[in-house]
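Asker: from the sequence below, what's the structure:
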Amino acid sequence: MARLHDLVEIQEPPRSRFAETEQDRAARLAAMWARAAEMFREPELFRQILDEIDEGVCFVGRADRVLFWNRAAEEISGYTGGEMVGRDFGDQMLHEWRRHGCERCAQGCPARAIAHGRTLRRASLFLRHKEGYAVAVRMRRSPLLDARGRVVGEVRLFRAACDGLACVDRLARLRETALVDRLTGFGSRRFAEGGLVEALARKEREGQDFAVLLADLDGLADVNWIRGQSAGDTALRVSSSSLAAALRRFDLLARWGDSAFAAIVEGLEPSALTCLAHRLSELVAWSRVCDEAGQFSVTLSVGGCHASSGDTVDSLMRRAEANLRQAKTEGRGLVCIS
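Answerer: Numbers count the residues shown, from 1 in each chain. Purely as a prediction, here's the structure:
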């Protein structure tokens with residue numbers, strides 16, 4: 001069997017590079033590529049090379065079915081290659097949030113464009129992890145050609161879009177303290193209150209605007225009653241991970257109550273804050289919670305507001321809670337921002 005260092009050896013230049021003629025150089029390059037092509041015909045070597053890439057690699061056929069799934073793709077998605085081969089990668093696993101909501105069959109949706117082979121080459125998407133929560137990814141795609149140059153599928157490369165929230169680094173050092181919610185692994189209410197105090201002081205000192213979003217899972221008590229406490233706990237973990245995927249690295253996320261989360265975000269105009277609230281609600285509804293009885297989904301209502309001069313933690317959160325109550329009064333999965 002060919003070895004990896006064979007390819008390195010045939011790329012080594014002759015001892016006297018300047019004495020090499022153009023014909024010699026062309027012949028050497030032709031030999032190199034011929035040898036490389038021969039090596040890639042060996043499936044095990046080809047798989048070994050692709051498994052060493054730190055980016056998810058997926059090959060799909062013309063029917064959008066997965067043909068190959070490398071090790072990095074397994075780590076990002078939670079699915080093994082055996083679980084993904086033969087599966088439709090686009091329709092069930094990719095999601096694009098759009099400003100006014102997402103119709104995944106819309107012509108302009110990157111997830112559908114990738115799934116159905118249109119001309120879009122790069123996109124920022126959400127991938128649904130095996131455990132049900134959303135993961136932000138950046139994806140590139142290229143056509144897969146046969147020997148005659150005909151398109152027979154696609155190569156899709158994807159990686160996680162960010163390294164997570166900034167508060168995660170702090171939480172790792174505070175894992176055993178009261179600042180961490182043990183169920184979700186994100187901040188506790190005490191952690192959120194500390195973040196609000198810091199944000200209010202920064203606004204007073206530097207004029208840095210910020211806002212708070214208060215998000216509550218609709219009907220979590222019903223989930224606990226019908227499916228059990230374990231299912232409710234899983235819903236909280238899945239939802240918090242999906243919320244983190246939609247937030248920026250410097251935003252803060254914490255569990256505020258039994259079924260509620262608080263997010264502290266800076267530098268967003270009112271319209272952008274409303275869009276972010278809709279994104280959080282939509283991603284949680286798109287996520288899937290898995291338990292012994294199967295899969296189910298939950299909805300998320302969101303209330304929020306910008307901080308004003310003279311605000312305290314109590315006054316700011318009272319306005320956010322009032323808006324959350326308004327959203328939940330009007331129905332499930334709704335948003336109210338002031």
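Asker: make it CA atoms for all contacts and neighbour counts henceforth
Answerer: Fine.
Asker: may I have the host helix or strand of residue 233 as CSV, with CA atoms only?
Answerer: Per DSSP states H and E: residue 233 is located in helix 229-246. Extracted C-alpha coordinates of helix 229-246, given in CSV (Å, rounded to 0.1, in the frame of the first residue of the first chain):
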residue,chain,number,x,y,z
GLN,A,229,-38.6,15.6,35.0
SER,A,230,-35.8,14.1,33.1
ALA,A,231,-37.4,15.2,29.7
GLY,A,232,-37.8,18.7,31.1
ASP,A,233,-34.2,18.8,32.2
THR,A,234,-33.1,17.7,28.7
ALA,A,235,-35.3,20.4,27.2
LEU,A,236,-33.5,23.0,29.3
ARG,A,237,-30.0,21.7,28.3
VAL,A,238,-30.9,21.6,24.6
SER,A,239,-32.5,25.0,24.6
SER,A,240,-29.6,26.7,26.4
SER,A,241,-27.1,25.2,23.9
SER,A,242,-29.3,26.5,21.0
LEU,A,243,-29.5,29.9,22.6
ALA,A,244,-25.7,30.0,23.0
ALA,A,245,-25.3,29.2,19.3
ALA,A,246,-27.3,32.3,18.3
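Asker: check which element follows that helix along the chain.
Answerer: strand 252-255.
Asker: what helices or strands is that next one leaning on?
Answerer: helix 166-173, helix 189-206, strand 260-266 (3 or more CA pairs under 8 Å, 6 or more residues apart in numbering; DSSP states H and E).
Asker: most tightly surrounded among the ones you listed?
Answerer: strand 260-266 (a mean of 22; mean count of other CA atoms under 10 Å).
Asker: and whatever helix or strand comes next after that strand, how far out from the chain's middle?
Answerer: Using DSSP H and E, the helix or strand that follows strand 260-266 in sequence is helix 270-286. Chain-centre distance of helix 270-286: 15 Å, with CA atoms, centre = their mean, to the nearest Å.
Asker: circling back: lowest average pLDDT across the helices and strands packed on strand 252-255?
Answerer: Ranked by mean pLDDT, those bottom out at helix 166-173, with a mean of 55.
Asker: got a list of what the closest residue to residue 266 other than its chain neighbours touches?
Answerer: Leaving aside its sequence neighbours, residue 266 sits nearest to residue 210 (CA to CA, 6 or more residues apart in numbering; 4.1 Å). Shown in contact with residue 210 (CA atoms under 8 Å, 6 or more residues apart in numbering): 199, 203, 264-268, 306-307.
Asker: got TSV for those residues, with distance to residue 319 too?
Answerer: Supplementary listing: the contacts of residue 210 in TSV, determined by distance: CA to CA, whole Å:
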residue	distance to residue 319
199	16
203	18
264	14
265	16
266	17
267	19
268	18
306	9
307	10
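Asker: the stretch 1-150 of the chain: strands as residue ranges?
Answerer: 56-61, 66-69, 94-95, 122-128, 134-145 (DSSP state E, counting those that start in this stretch).
Asker: okay if I get the ones you listed as CSV plus mean pLDDT and distance to residue 337?
Answerer: Below are the strands of the stretch 1-150 of the chain laid out as CSV (pLDDT from 0 to 100; distance: least, CA to CA, whole Å):
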stretch, mean pLDDT, distance to residue 337
strand 56-61, 88, 37
strand 66-69, 88, 41
strand 94-95, 80, 24
strand 122-128, 84, 24
strand 134-145, 85, 24
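Asker: of those strands, which is nearest residue 243?
Answerer: The closest of those to residue 243 is strand 134-145. By CA to CA, the value is 8.1 Å.
Asker: what's that closest one in contact with?
Answerer: Contacts of strand 134-145 (CA under 8 Å, 6+ apart): 114, 121-129, 151-162, 241-242, 245-246, 283-284, 287.
Asker: which of those residues are buried, as a ChimeraX select command?
Answerer: Paste this into ChimeraX to select the buried members of the contacts of strand 134-145, with burial taken from 16 or more other CA atoms under 10 Å:
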select :114,122,123,124,125,126,127,128,129,153,154,155,156,157,158,159,160,241,242,245,246,283,284,287
